[in-house]
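1. Dropping the sequence and predicted coords here.
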Amino acid sequence: MLFEKKKMKSELFKRVVFAIIGIPIALFLIIYGELPFLFAIIIISSVALYEFYSLAKLKNVNSNFALGFLFNLIFILFIYFSLSNAKILINSGFIILVLILLLVLSAFSLEMWRRKENRLLNVSTTISGILYACFPFYSLILIREFYKITEFFINNNINLPLFFINQQNLEEFSIFSVIFVLITIWICDSAAFFIGKNLGKHKLFERVSPKKTWEGAVAGFIASILSSFLLFYFFVPNFPYIHSIMLGVIIGIFGQIGDLAESLIKRDVGVKDSSNLIPGHGGALDRFDSILFVFPLVFVYFILLLVC
């Protein structure tokens, strides 16, 4: 019992130290943007991809690490720099489709030369690793640089919703959007944890995550909606209430699904954490599991606001 208490205090201390150091760095990277932000995304997504491939290796699946890292870099650089070029931006959907096709062809072609077992699983995991571990960070770039997309609409005389036009600084709105998602996810996770721990009685998915409860999930969902509404109410008052609520719904549902998805993978391979990279937190996938589906869906929602 005494050993457990000491261990908990040690883990808490590590978490506090990491937060004191990590939060200011994260805020600087998000606010400053540009190349430091780009390099940070490259590093974090590559670590997340490495962890995913390493977890798969525990199931005797030999992903093509080099191919995965190469295409992750290609996707990131293309997405980031295409936002500054109108001609490329117009054709970005087609180019992304071509890159995905090249990824699939390369994975199958190279597997013919690799002397590894479970070839179908090797190819599938190489491709799915990028979709699962890296695409959320591509969406993070798109949200952080969303003002460039809105500027593209303005420069080409495409009508924008009134609340985008009324933003005095579109880049500040983009920065706020990233910070808003991270804060709302943190509040959702915290509410789910504390309510679930103290009041939870009905298991959510015991075979996936034994400690999660329906009470905690509902608390996280409600907290997500409230925090989303309040953050927009105080910081972006002209943003329609219905959309701030809908964003809270998206984060409250899919943030928790992302958490469960990562738990499902770790339980399947029999590990507690995706790695020991971050003291007190595990690995990159452990730390960012809640954003895996949230950032892509928030970006999709923003795009729908532009075009609908």
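-> Now that the structure is in, tell me what you want to look at. Everything numeric in this text was worked out from a predicted model, so none of it was measured.
2. Isn't Val294 up against Gln256?
-> No: when contacts are counted by Cβ atoms under 8 Å, Val294 is not listed as touching Gln256 (9.7 Å). Any C-beta I mention is one placed from the backbone N, CA and C, and that applies to glycine too.
3. May I have the secondary structure class of Ser54?
-> Under DSSP: H, G, I helix; E, B strand; the rest coil, Ser54 falls in the helix class.
4. residues in contact with the helix or strand containing Pro136?
-> For Pro136, the element it lies in under DSSP states H and E is helix 135-144. Counting contacts by Cβ atoms under 8 Å, 6 or more residues apart in numbering, the residues outside helix 135-144 that touch it are 30, 33, 37-38, 41, 44-45, 48, 75-76, 79-80, 83, 149, 174-175, 177-178, 181, 288, 291-296, 298-299, 302.
5. What of stretch 292-308?
-> Residues contacting stretch 292-308 (Cβ under 8 Å, 6+ apart): 132-133, 135-137, 139-140, 142-143, 146, 149-150, 153, 160-161, 164, 177, 181, 185, 243, 246-247, 250-251, 254-255, 257-258, 261-262.
6. List the buried residues for that stretch?
-> Of the residues in stretch 292-308, those buried under the neighbour-count criterion (16 or more other Cβ atoms under 10 Å) are 292-299, 302, 305-306.
7. Over to stretch 117-133?
-> Neighbour-count burial for stretch 117-133, with 16+ other Cβ under 10 Å as criterion, is recorded at 121-123, 125-127, 129-130, 132-133.
8. And the contacts of it?
-> The contact list for stretch 117-133 (Cβ under 8 Å, 6+ apart) reads 45, 48-49, 51-53, 56, 59-64, 67-68, 71-72, 75, 103-104, 107-108, 111, 114, 116, 285, 292.
9. quick revisit: and which of the buried residues of stretch 117-133 is nearest to Glu206?
-> Out of the buried residues of stretch 117-133, the one with the shortest distance to Glu206 is Tyr132. That distance is 23.5 Å, counting by Cβ to Cβ.
10. domains of this protein?
-> Residue ranges for each domain of the chain read 33-144, 160-308, as given by automatic domain parsing.
11. Quick one: closest of these to Gly22.
-> Go through the domains of the chain one by one with Cβ to Cβ and the one that ends up closest to Gly22 is domain 160-308, at 8.2 Å.
12. re the thing from before, in helices, which of the buried residues of stretch 117-133 fall?
-> Here DSSP state H is the test, and the buried residues of stretch 117-133 give 121-123, 125-127, 129 as lying in helices.
13. Show me how far stretch 187-197 is from its chain's centre.
-> Put simply, stretch 187-197 sits 19 Å off its chain's centre (Cα atoms, centre = their mean, to the nearest Å).
14. again with stretch 109-121
-> 29 Å.
15. First-to-last residue distance for it?
-> When the termini of stretch 109-121 are compared using Cα to Cα, to the nearest Å, they are 14 Å apart.
16. start the count at 592, not 1, going forward
-> With 592 as the first residue, the last one maps to stretch 700-712.
17. Mean confidence (pLDDT) on that stretch, please.
-> Over the span of stretch 700-712, the pLDDT mean works out to 90.
18. Dump the helix or strand containing Leu895 to PDB, keeping only the CA atoms.
-> For Leu895, the host element (DSSP H and E) is helix 885-898. Extracted as PDB, the C-alpha positions of helix 885-898 are listed here (Å, rounded to 0.1, in the frame of the first residue of the first chain):
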ATOM      1  CA  VAL A 885     -11.400  15.100 -33.200                       C
ATOM      2  CA  PHE A 886      -9.000  17.300 -35.200                       C
ATOM      3  CA  PRO A 887     -10.100  15.700 -38.600                       C
ATOM      4  CA  LEU A 888     -13.800  16.100 -37.800                       C
ATOM      5  CA  VAL A 889     -13.400  19.700 -36.500                       C
ATOM      6  CA  PHE A 890     -11.600  20.600 -39.700                       C
ATOM      7  CA  VAL A 891     -14.300  18.900 -41.800                       C
ATOM      8  CA  TYR A 892     -16.900  20.900 -39.800                       C
ATOM      9  CA  PHE A 893     -15.100  24.200 -40.500                       C
ATOM     10  CA  ILE A 894     -15.000  23.300 -44.200                       C
ATOM     11  CA  LEU A 895     -18.700  22.600 -44.200                       C
ATOM     12  CA  LEU A 896     -19.300  26.000 -42.600                       C
ATOM     13  CA  LEU A 897     -17.400  27.600 -45.500                       C
ATOM     14  CA  VAL A 898     -19.100  25.900 -48.300                       C
END
